[in-house]
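[1] Just a sequence and a predicted model for now, questions to come.
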Amino acid sequence: MNEQETLVIFRRWPETGDIIALFPELPSDYEGRLCDAYEHVGQHGGADYHGVVQATRPVTEEDANGLIAELTRIGYRLKPIKRVSQRVHGSRRAAARAIRNAPMCRHKHSETGVCAACSGVTFNPEAER
């Protein structure tokens, strides 16, 4: 179980009414331009934080209860917030930089980005292609 709280912002798509969870500190790409996101349908993916915020509407925690329960079941300890500071965006870019600069191993891997043989040392799957 994850002991660290994960910052999350919940938003609603106006066209469908679906709720998206944005994780502004968690990078979804090697540059940190995209943050991790989660929806009931599609589940984890990357999102342009500013683009999603511009295209969606805020929701209350009560409105997001179903998604909160789903995320909690899969191991998240959520800390819902309403706004993100530049510090948080900087933290996401720094996390991406740390992943990019992590030591790479030489084993053959699947698409997971984590090497079981190296006890979790990350690698760049693109470098193996």
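    That came through, no problem.
[2] From the chain's centroid, how far away is stretch 16-29?
    Remark: stretch 16-29 is offset 6 Å from the chain centroid, using Cα atoms, centre = their mean, to the nearest Å.
[3] One more: stretch 23-43?
    Relative to the chain's own centre, stretch 23-43 is displaced by 3 Å; criterion: Cα atoms, centre = their mean.
[4] can you offset everything so residue one is 33?
    Happy to do that; since the first residue is 33 now, the last one works out to stretch 55-75.
[5] So for that stretch, first residue to last residue, what's the gap.
    From its first residue to its last, stretch 55-75 covers 13 Å (Cα to Cα, to the nearest Å).
[6] wouldn't residue 65 be in contact with residue 80 here?
    Yes: look at residue 65 against residue 80 with Cβ atoms under 8 Å: they come within range, at 7.4 Å. Bear in mind the C-beta positions are built from the backbone N, C-alpha and C, glycine included.
[7] center of the chain, which residue is that?
    In the chain, the centroid-proximal residue (Cα atoms, centre = their mean) is residue 68; its distance is 2.1 Å.
[8] Look up which residues are beta-bridged to that residue.
    Judged by DSSP bridges, the bridge partners of residue 68 are residue 55, residue 78.
[9] tell me the contacts of it?
    Neighbouring residues of residue 68 by Cβ atoms under 8 Å, 6 or more residues apart in numbering: 54-55, 58-60, 76-79.
[10] and if you look at residue 95?
    When contacts are counted by Cβ under 8 Å, 6+ apart, residue 95 touches 42, 44, 51.
[11] what's the answer for residue 79, then?
    Per Cβ under 8 Å, 6+ apart, neighbours of residue 79: 52, 54, 60, 66-69.
[12] Flag the shaky bits of this structure, pLDDT-wise.
    33-34, 136-161 (pLDDT under 70).
[13] What segments of this protein are strands?
    With DSSP state E, the ranges of strands along the chain come out as 37-44, 51-59, 67-71, 75-79, 89-90, 109-112, 146-147, 153-154.
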